[in-house]
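1. quick one, what's the 3D model for this:
(one chain, ligands or ions: 1)
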Amino acid sequence: MDVREIIEAKQHGRELSADVIADLIAGFTAAQVPDYQMAAFLMAVWFTGMTAAETAALTDSMLRSGARLDASALGGPTADKHSTGGVGDKVSLLLAPLAAACGLRVPMLSGRGLGHTGGTLDKLEAIPGYRLHLPNDEFLAVVRDTGCAIVGQSGDIAPADGRIYALRDVTGTVDCVPLITASIMSKKLAAGPQTIVIDLKCGSGAFMTDLARARELAAALLAVGRAYDRRLAVVFSDMSQPLGVAVGHATETLEAMAGLRPGGRRTGPADLVRLTEELTAAMLQTAGVEPDRDAALARVRAVWDEGTAWQSLQAWVSAQGGRLAWDRDDLGLRIAPVAGEFTAPAAGWLEVCDCRAVGLALAALKGARLRVEDAIDHEAGIDWLARTGDRVETGQPLARLRTQNRALLAAAADRLAAAVRIHHEPVPARELILARMS
Ligand code: URA
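-> Alright, predicted model coming up:
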């Protein structure tokens, strides 16, 4: 294999055969193809794209780069959800135990946040004792016993994706439909669930900023799902403002997990509750456990209100070693002690014009990483208090900030100032669910 020829072929937009792609990924996984050649290949794909056949071959090669879990003996229909990433997105922490309480088995692999987006793994790391990495057989045993488990992508599940993703992250090649498709689908297929629901985020806090590009990605994901005989559904959701109130690791974990108490459905942030219900219901309906969306939603609401999901949550977190004070309002999670505020600079109607800036404000508080190797403060956080369309008055708090270090507050507030615009005329509120495809 001459890697330079492969790169040049792609540079000129020529279609690669499945064998060539398989050799390239196998060579990269075996460390025979260096990072710089893979980076050049990824950039060529970013510019010239891939056909459906090439995307399928890339997904398959990345899937075959590691182990595949056998989820067939988990004692129920298996399903998972994947979000394409956003700000304040803590849905997985509610959805996994909700789906488990509804009878699904949810073996979930999660990633870390990078740049402005948050990662479920970082949120779980805020829980004392929680074991993010389990051997594959123990991971499956927790799912079998409690209905769900969430672990980090281990070295032997789609390892090519782990390394390619790290390269994409530092070479500006993340926002590329075939590369995102192969990345998501290779690890989801390796973890083995029959049903996969994709929360395709769209807006200024997401990788896909417009719905047309998001639809293109959805079509590519659905095509791969069909080729592997999986049931796949896509929900397009708005990511032009943070989801829920909390943005940060301990704060998001608290908002999500405390919100699963019976009654939490009525008191939690409306957008977070709505999207969680919608995605969990999509899992039940797509898995064929409920005949339609209304029946699925009714089931989700019942397990939430009756407290069955709250019990599933405790069983799952405890099985992975997590120690939370279930009877305390703060669950015993530590939040950084220094508080600050970001207030409305003028009166009028609010538009969150750059959701990404809220994620970057968290990074300014040391609560998110800009480079893979950065350490993060799990106790830092932002409570985002306003929504696009709200009427606000001068000096009204739009966000509350928490950090270990007062000196970081000013830089975070500067970032937040870029996230909002105040208009003299009313601004329409944003729709949360933009479209569905299955
Ligand atoms: N999520 C993934 O797992 N991979 C991507 O490439 C983008 C979002």
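
2. residue in the protein nearest to the ligand?
-> Residue of the chain nearest the ligand, by CB to the nearest ligand atom: S183 (3.5 Å). To be clear about C-beta, it is placed using only N, CA and C from the backbone, and glycine gets the same treatment.

3. and the protein, what are its domains?
-> Here the domain parsing of the chain from automatic domain parsing is 3-49, 79-319, 338-423.

4. is any residue of the first one near the ligand?
-> Meaning domain 3-49. No: judged by CB under 6 Å from any ligand atom, domain 3-49 makes no contact with the ligand; its nearest approach is 10.9 Å.

5. same check on stretch 69-82?
-> No: Stretch 69-82 stays out of contact with the ligand when judged by CB under 6 Å from any ligand atom, the minimum separation being 6.8 Å.

6. for L24, helix, strand, or coil?
-> Following DSSP: H, G, I helix; E, B strand; the rest coil, the label given to L24 is helix.

7. Three-state assignment for the closest residue to it other than its chain neighbours, please.
-> Distance criterion CB to CB, 6 or more residues apart in numbering; nearest residue to L24, sequence neighbours excluded, is I6 at 5.8 Å. Following three-state DSSP, we place I6 in the helix state.

8. lowest average confidence across helices and strands of the chain, where is it?
-> Here the helix or strand of the chain ranked lowest by mean pLDDT, DSSP states H and E is helix 159-171, holding a mean of 88.

9. tell me what that one is packed against?
-> helix 18-29, helix 35-48, helix 52-63, helix 177-191 (3 or more CB pairs under 8 Å, 6 or more residues apart in numbering; DSSP states H and E).

10. redo that, cut-off 7 Å
-> Helix 159-171 sits against helix 18-29, helix 35-48, helix 177-191, with contacts defined as 3 or more CB pairs under 7 Å, 6 or more residues apart in numbering; DSSP states H and E.

11. coming back round to it: can you list the domains of the chain in JSON lines and add mean neighbour count?
-> Putting the domains of the chain into JSON lines (neighbours: other CB atoms under 10 Å) gives the following:
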{"stretch": "domain 3-49", "mean neighbour count": "17"}
{"stretch": "domain 79-319", "mean neighbour count": "22"}
{"stretch": "domain 338-423", "mean neighbour count": "19"}
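
12. would you mind listing what in the stretch 151-300 of the chain touches the ligand?
-> 165, 174, 180, 183-184.

13. okay, now A325: neighbour count?
-> 11 (other CB atoms under 10 Å).

14. can you tell me the SS state at it?
-> coil.

15. just the element for the closest residue to it other than its chain neighbours, please.
-> Excluding the flanking residues, the one nearest A325 by CB to CB, 6+ apart is G332, at 3.4 Å. Per DSSP states H and E: G332 is located in neither a helix nor a strand.

16. and the next helix or strand past the helix or strand harbouring A315?
-> Take DSSP H and E as the rule and A315 turns out to sit in helix 308-319. Sequence-wise, the next helix or strand downstream of helix 308-319 (DSSP H and E) is strand 338-343.

17. I'd say R230 and I196 touch.
-> Yes: counting by CB atoms under 7 Å, R230 does reach I196; the two are 5.7 Å apart.

18. before we move on, the earlier item: could you report the neighbour count for the residue nearest to A325?
-> When neighbours are counted by other CB under 10 Å, G332 registers 14.

19. pLDDT of the helix holding A315, averaged?
-> Mean per-residue pLDDT for helix 308-319: 98.

20. check stretch 283-298 too.
-> 97.

21. for it, list the C-alpha coordinates in PDB.
-> Below are the C-alpha coordinates for stretch 283-298, written out as PDB (Å, rounded to 0.1, in the frame of the first residue of the first chain):
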ATOM      1  CA  MET A 283     -35.800   4.400  21.900                       C
ATOM      2  CA  LEU A 284     -38.800   2.500  23.100                       C
ATOM      3  CA  GLN A 285     -40.800   3.100  19.900                       C
ATOM      4  CA  THR A 286     -37.800   2.300  17.600                       C
ATOM      5  CA  ALA A 287     -37.000  -0.900  19.600                       C
ATOM      6  CA  GLY A 288     -40.600  -2.000  19.100                       C
ATOM      7  CA  VAL A 289     -41.400  -2.000  22.900                       C
ATOM      8  CA  GLU A 290     -44.200   0.500  22.400                       C
ATOM      9  CA  PRO A 291     -46.400   0.800  19.300                       C
ATOM     10  CA  ASP A 292     -46.300   4.600  18.900                       C
ATOM     11  CA  ARG A 293     -44.900   7.800  20.200                       C
ATOM     12  CA  ASP A 294     -47.800   8.600  22.500                       C
ATOM     13  CA  ALA A 295     -47.700   5.200  24.200                       C
ATOM     14  CA  ALA A 296     -43.900   5.500  24.600                       C
ATOM     15  CA  LEU A 297     -44.100   9.000  26.100                       C
ATOM     16  CA  ALA A 298     -46.800   7.800  28.600                       C
END
